[in-house]
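[1] Pasting the sequence and the predicted coordinates here, then a few questions.
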Number of protein chains: 2
Amino acid sequence: MARKTGSHAEITGPRIRAAALRLFAAEGFAAVSMRRIAAEVGVQAGALYLYTPDKQSLLFELMKEHLDAVWEAWQAEDEGGDPVARLERFARFHIRFHLERPEAVFIAYMELRNLEPENFAVIEGLRGRYETALEDILKDGRETGAFDIPDTKLAAMAIIAMLTGVTTWYREGGRLGRADVAEIYAGMALGAVRGRTGA
Amino acid sequence: MARKTGSHAEITGPRIRAAALRLFAAEGFAAVSMRRIAAEVGVQAGALYLYTPDKQSLLFELMKEHLDAVWEAWQAEDEGGDPVARLERFARFHIRFHLERPEAVFIAYMELRNLEPENFAVIEGLRGRYETALEDILKDGRETGAFDIPDTKLAAMAIIAMLTGVTTWYREGGRLGRADVAEIYAGMALGAVRGRTGA
DNA sequence: TCTGGTATTGAACGTATGTTCAGTTAAAAT
DNA sequence: ATTTTAACTGAACATACGTTCAATACCAGA
């Protein structure tokens, strides 16, 4: 049944997910109890079950939301074309997007083991889809001769690991701004796959 | 008190650490109970406390052992000299070492949040020491003009993340052997920091 | 065979967990 | 003012946790 804007129910659901996101990222899925999440929202533990069937679903939905968001954002950003420009665009996009959502990134990469098998399969599929998008760029660039890489799958995994790693050390207000970081990482990603002779 | 070789006590301690390593890596520190570790060793939970003061120390010691081992192995391998050759050596070493100990790597990078503050500080120090070793190579290469990198700290973090990421996808008996993988990663790491004009 | 001491058990302690649900509150609908 | 409905509480359930410790099993040395 549709309800009026601003009803309590429409506010509490997101607040629960936000609290879970923060706590899971900071302390880990297994270390955070439903009672702690409830306390963060200002509610009793039982009330959470009006918004999620169980703790597992809470984790799964946070991951799925994040991976869907990454995918959709890249689909909107990708313009195709020259592989070199496209890879640079991908790297900048990935850095920017991940720096904006460090908590979701953390969870999506660290809590995979806490997913039940069926949920794990879904999340792995979403991850694979994104990784394949990068690999397709690399394949394209190898065909045009812009990239010199023996194995596109390995190169895709290496680049994603390098870029995603930014969330482990970057802190707001530090020596480098986000734009600087994106710039430098894009250069390193390109350098890692470019042939010695340039494009 | 020194005891004879092969006594039960000298065997059980390592067996507990081995079981903890395997279980922590597979399911996470918080998700593994002392009773499960004990069962894996074939002993009751109470017996574990003859070999470790508590669960936290078990985690801390596994991490410390690993990071000490990485450090010592690299100290033995490093020959100094030309930054390009030295970085290539570092990359090959890092890949090889990490592929041989995927479980310890996993724990050392994923269970940091489950360390108590004092233990965390120690582990972070050991990690920093290793990262600084890489950064020193990069600084050296920037001075000689071999590397073109705006920020050596960032570049060190990026390279380590890229290399360490190998453990997330590499599986024994797959398409590529360890030597192939080390070779390719070393090439990518060098490419990421080399200037456009070569050495 | 007896003795000394180490290795281990098994039960217990207090606390925390995820989840359920009968009952209460509060607000919207009539 | 009365009914309906959704939101939430608070207590309870069964189970599991890390850790301790008196009691026991085991084995080397005498």
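    Thanks, I have it.
[2] chain center to the longest helix seen in chain A: distance?
    Counting by DSSP state H, the longest helix found in chain A is helix A:117-144. Averaging C-alpha positions (Cα atoms, centre = their mean, to the nearest Å) puts helix A:117-144 13 Å from its chain's average.
[3] Report how many residues lie close to A:Asp140.
    Using other Cβ atoms under 10 Å in any protein chain shown, A:Asp140 has 19 neighbouring residues. Glycine gets a C-beta too; all of them are placed from N, C-alpha and C.
[4] Dump the C-alpha coordinates for the helix or strand bottoming out on mean pLDDT in chain A into PDB.
    Lowest mean confidence among the helices and strands of chain A (mean pLDDT, DSSP states H and E): helix A:8-27, at a mean of 91. What follows is helix A:8-27, C-alpha atoms only, in PDB (Å, rounded to 0.1, in the frame of the first residue of the first chain):
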ATOM      1  CA  HIS A   8       8.100   7.000   9.600                       C
ATOM      2  CA  ALA A   9       8.400   3.700   7.800                       C
ATOM      3  CA  GLU A  10      10.000   5.300   4.800                       C
ATOM      4  CA  ILE A  11      12.600   7.000   6.900                       C
ATOM      5  CA  THR A  12      13.500   4.100   9.300                       C
ATOM      6  CA  GLY A  13      14.400   1.600   6.600                       C
ATOM      7  CA  PRO A  14      17.200   3.700   5.100                       C
ATOM      8  CA  ARG A  15      18.300   4.700   8.600                       C
ATOM      9  CA  ILE A  16      18.800   1.100   9.500                       C
ATOM     10  CA  ARG A  17      20.800   0.400   6.300                       C
ATOM     11  CA  ALA A  18      22.900   3.500   6.900                       C
ATOM     12  CA  ALA A  19      23.700   2.400  10.500                       C
ATOM     13  CA  ALA A  20      24.500  -1.200   9.400                       C
ATOM     14  CA  LEU A  21      26.700   0.100   6.600                       C
ATOM     15  CA  ARG A  22      28.700   2.300   9.100                       C
ATOM     16  CA  LEU A  23      29.000  -0.400  11.700                       C
ATOM     17  CA  PHE A  24      29.800  -3.300   9.400                       C
ATOM     18  CA  ALA A  25      32.500  -1.300   7.700                       C
ATOM     19  CA  ALA A  26      34.000  -0.200  11.000                       C
ATOM     20  CA  GLU A  27      33.900  -3.400  13.000                       C
END
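[5] re the thing from before, quick check: which helices or strands does the longest helix of chain A pack against?
    Applying 3 or more Cβ pairs under 8 Å, 6 or more residues apart in numbering or on different chains; DSSP states H and E, one finds that helix A:117-144 contacts helix A:55-77, helix A:83-100, helix A:152-164.
[6] touching DNA strand C at all, the first one?
    What that stands for is helix A:55-77. Yes. Judged by Cβ under 7 Å from any atom of the strand, helix A:55-77 comes into contact with DNA strand C at A:Lys55, A:Gln56.
[7] Buried residues in that helix, which are they?
    For helix A:55-77, burial by neighbour count (16 or more other Cβ atoms under 10 Å in any protein chain shown) applies to A:Lys55, A:Leu58, A:Leu59, A:Phe60, A:Leu62, A:Met63, A:Lys64, A:His66, A:Leu67, A:Val70, A:Trp74.
[8] Now the residue nearest the centre of chain A. Its backbone dihedrals?
    In chain A, the residue lying closest to the centroid (Cα atoms, centre = their mean) is A:Val105, at 4.4 Å. Main-chain dihedrals, A:Val105, degrees, to the nearest 10: phi -60, psi -50.
[9] Thought A:Thr167 was touching it, still the case?
    Yes. If you go by Cβ atoms under 8 Å, A:Val105 and A:Thr167 touch, sitting 5.1 Å apart.
[10] Find the residues that touch each one of those two.
    A:His98 (Cβ atoms under 8 Å, 6 or more residues apart in numbering or on different chains).
[11] Would you check that A:Lys64 makes contact with A:Leu126?
    Yes. Under the criterion of Cβ under 8 Å, A:Lys64 makes contact with A:Leu126 at 6.8 Å.
[12] Excluding sequence neighbours, find me the nearest residue to A:Trp133.
    Residue A:133: Ala, not Trp. Among residues not flanking A:Ala133 along the chain, A:Trp74 sits closest, at 6.4 Å (Cβ to Cβ, 6 or more residues apart in numbering or on different chains).
[13] how much space between that neighbour and A:Glu183?
    19 Å (Cβ to Cβ, to the nearest Å).
[14] on that earlier part again, verify the stated contact: the residue nearest to A:Ala133 with A:Phe90.
    Yes. Taking Cβ under 8 Å as the definition, A:Trp74 is a contact partner of A:Phe90 at 7.3 Å.
[15] Which neighbours do those two have in common?
    With Cβ under 8 Å, 6+ apart, A:Trp74 and A:Phe90 have common neighbours A:Ala133.
[16] any idea how far A:Ser33 lies from chain B?
    From A:Ser33 over to chain B the distance is 11 Å, taken as Cβ to the nearest Cβ, to the nearest Å.
[17] quick one, what contacts that residue?
    A:Ala45.
[18] cool, A:Val166 as well?
    A:Ile95, A:His98, A:Leu99, A:Val181, A:Tyr185, B:Met157, B:Ala158, B:Ala161.
[19] give me that answer again for 7 Å
    A:Ile95, A:His98, A:Leu99, A:Val181, A:Tyr185 (Cβ atoms under 7 Å, 6 or more residues apart in numbering or on different chains).
[20] what's the domain layout of chain A?
    Split into domains by automatic domain parsing, chain A comes to A:1-52, A:56-193.
[21] Could you single out the most deeply buried of those domains?
    When the domains of chain A are scored by mean count of other Cβ atoms under 10 Å in any protein chain shown, the highest mean neighbour count falls to domain A:56-193 (a mean of 18).
[22] Okay, now that domain: how far is its last residue from its first?
    One end of domain A:56-193 sits 39 Å from the other (Cα to Cα, to the nearest Å).
[23] Kindly report the residues of chain A close to DNA strand C.
    A:4, A:32-36, A:45-46, A:49, A:53-56.
[24] Write out the residues of chain A neighbouring chain B.
    Chain A comes close to chain B at residues A:27-28, A:30-31, A:110, A:113-114, A:150-151, A:154-155, A:157-158, A:161-162, A:165, A:169, A:176, A:181, A:184-185, A:188, A:191-194, A:196, A:198, as judged by Cβ under 7 Å from any Cβ of the partner chain.
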